[in-house]
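Colleague: What shape does this take:
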Amino acid sequence: MGHERIGFLPKSQSWNNIINQLKLFDNNPNTISKIADNTLENVRALYKEMHNNESLFSAIKFLAILAISANRENQLNFLNSSGINISEISIFALAYGVKEYVKTERGSLEINKITCDSVLEAIVKYEHNNKNLQNELFESTRENLWSKIGSGSNFCELARLFFASFTDRHLRYYLERETAHSIDNFSKIENFKKTLYEQITQHSYETAKIMQSYAAGWFNKYAIAGSPSNEEITGFLKISFEKMREEFRREAVKT
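Modeller: Sure thing, here's the model as predicted:
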C-alpha cells in the first residue's frame, strides 16, 4: 500500500452521490451547484495555510514519533524522551498522550480540538482495522500492534486516517453551513445531516488517498533513520494539503 502510485483521483463518485442526495432537499440545480462549490471552496481556502498551523504540526509529529518508536529497542522510553509522556503503550494511554502533546499557544482552539479529535479517531481506527481476530479471542497471545508500525506503509495508513477525519469534520461543517444558508427548512436540514454523514465520511477517506503514497515515501526518506526535522514536517503538511486542495478544485469544476 505504501508504494502504490496514485495520481489525481477519477471524478469522485462519492461526491457525486452527495450532490445527488442534496437534490432531495432542493430541486433547484443552481442552488445545489452553489452549495457544492462553496463547500469545496471553503475547505480549499482553509487548507491553503494549514501547513503553518501549530496543532497540525504537533499532530503529524506525534504520528511520526509513534511510528518511529516501533523501530527502537525500548519503544516506551523513546516515546517519553520524545515528549509523549505515557506509562504504557495502549490505545487509552495514547489517547491521553495525544491530548497532552497536541496543544496550541497561539493558534485556533477550534482547529486544535478538531485536530486532536482527528488524531484520536485515526489511532482508534488503526487499531480496529489491524487487530488480529485470534489475538482478540486469546488476550494472552495478543500481539502489541503498536510495536509493529515502524514502516512507511503503516505511517501512510495512520496519516490517511488522520487527514480523512480532519477533512470529514470540515466538509460537514461547511456543507451544513451552506445548506442552512440556501435551504430555509429546519426539518430538511436535519434530514440532510442524517442522510449524508456516512457519504461525507466515505468521500473524505477516498480524498485522503491522494496523499497516501507520498506519506509512505516521506516517512521512508525522513523518518526511518531518526525523527524528522521541523522543516521536514512542515513540508509534509504543505504538500499533503496542496494535493487535497487540488482534488477539491477538480471536483468543484465538475459539479
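Colleague: all strands for the stretch 51-200 of the chain, in order.
Modeller: Ranges of strands in the stretch 51-200 of the chain, per DSSP state E, counting those that start in this stretch: none exist.
Colleague: Tell me where the model's unsure across it.
Modeller: Where the stretch 51-200 of the chain drops to pLDDT under 70, the residues are 132-143, 182-186, 188-189.
Colleague: So E247 sits against I210, correct?
Modeller: Yes - under the criterion of Cβ atoms under 8 Å, E247 makes contact with I210 at 5.3 Å. Placement of C-beta: from N, CA and C, glycine included.
Colleague: Which one of these two is surrounded by more residues?
Modeller: Neighbour tally, E247 and I210, criterion other Cβ atoms under 10 Å: the higher count belongs to E247, 23 against 19.
Colleague: host element of that one?
Modeller: Element membership for E247 (DSSP states H and E) is helix 230-254.
Colleague: mind listing what's buried in that helix?
Modeller: Residues of helix 230-254 classed as buried by neighbour count (16 or more other Cβ atoms under 10 Å): 232-234, 236-237, 240-241, 243-245, 247-248, 251-252.
Colleague: Stretch 48-57 now?
Modeller: Burial within stretch 48-57, assessed by neighbour count using 16+ other Cβ under 10 Å, is assigned to 50-51, 53-57.
Colleague: Equivalent analysis for stretch 74-81, please.
Modeller: Using 16+ other Cβ under 10 Å as the burial criterion, the residues of stretch 74-81 that qualify are 75-76, 78-79.
Colleague: now the buried residues of helix 230-254 as TSV including pLDDT and distance to W218?
Modeller: Putting the buried residues of helix 230-254 into TSV (pLDDT from 0 to 100; distance: Cβ to Cβ, whole Å) gives the following:
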residue	pLDDT	distance to W218
E232	96	8
I233	96	9
T234	96	12
F236	97	5
L237	97	10
S240	96	9
F241	96	13
K243	94	12
M244	93	15
R245	92	18
E247	89	18
F248	88	21
E251	81	25
A252	74	27
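Colleague: Of all pairs in those, which one spans the longest distance?
Modeller: The most widely separated members of those are E232 and A252, with 30.8 Å between them, by Cβ to Cβ.
Colleague: just to revisit the earlier point, which residues touch the helix holding E247?
Modeller: Residues from elsewhere that reach helix 230-254, judged by Cβ atoms under 8 Å, 6 or more residues apart in numbering: 8-9, 11-12, 15, 36-37, 40-41, 43-44, 47-48, 50-53, 56-57, 60-61, 64, 159, 163, 167, 207-208, 210-211, 214-215, 218, 222, 228.
Colleague: Apply 6 Å and report the result again.
Modeller: Helix 230-254 has contacts (Cβ atoms under 6 Å, 6 or more residues apart in numbering) with 9, 11-12, 15, 37, 40, 43-44, 47, 50-51, 56-57, 60-61, 207, 210-211, 218, 222.
Colleague: how much distance is there from that helix to the middle of the chain?
Modeller: Relative to the mean C-alpha coordinate of its chain, helix 230-254 is positioned 12 Å out (Cα atoms, centre = their mean, to the nearest Å).
Colleague: next one: stretch 95-112
Modeller: Taking Cα atoms, centre = their mean, the mean C-alpha location of stretch 95-112 is offset from the chain mean by 15 Å.
Colleague: So which residues of the stretch 151-255 of the chain form helices?
Modeller: Using DSSP state H, counting those that start in this stretch, the helices of the stretch 151-255 of the chain run over residues 152-182, 186-208, 212-222, 230-254.
Colleague: tell me the most buried of the ones you listed?
Modeller: Compared across those, helix 152-182 shows the largest average neighbour count, a mean of 21 (mean count of other Cβ atoms under 10 Å).
Colleague: Run the angle between that helix and helix 186-208 for me.
Modeller: Angle of helix 152-182 versus helix 186-208, following axes from the mean of the first three to the mean of the last three Cα atoms, to 10 degrees, is 150 degrees.
Colleague: tell me, what residue is most central in this protein?
Modeller: For the chain, F163 is the residue whose C-alpha lies nearest the centre (Cα atoms, centre = their mean; 1.8 Å).
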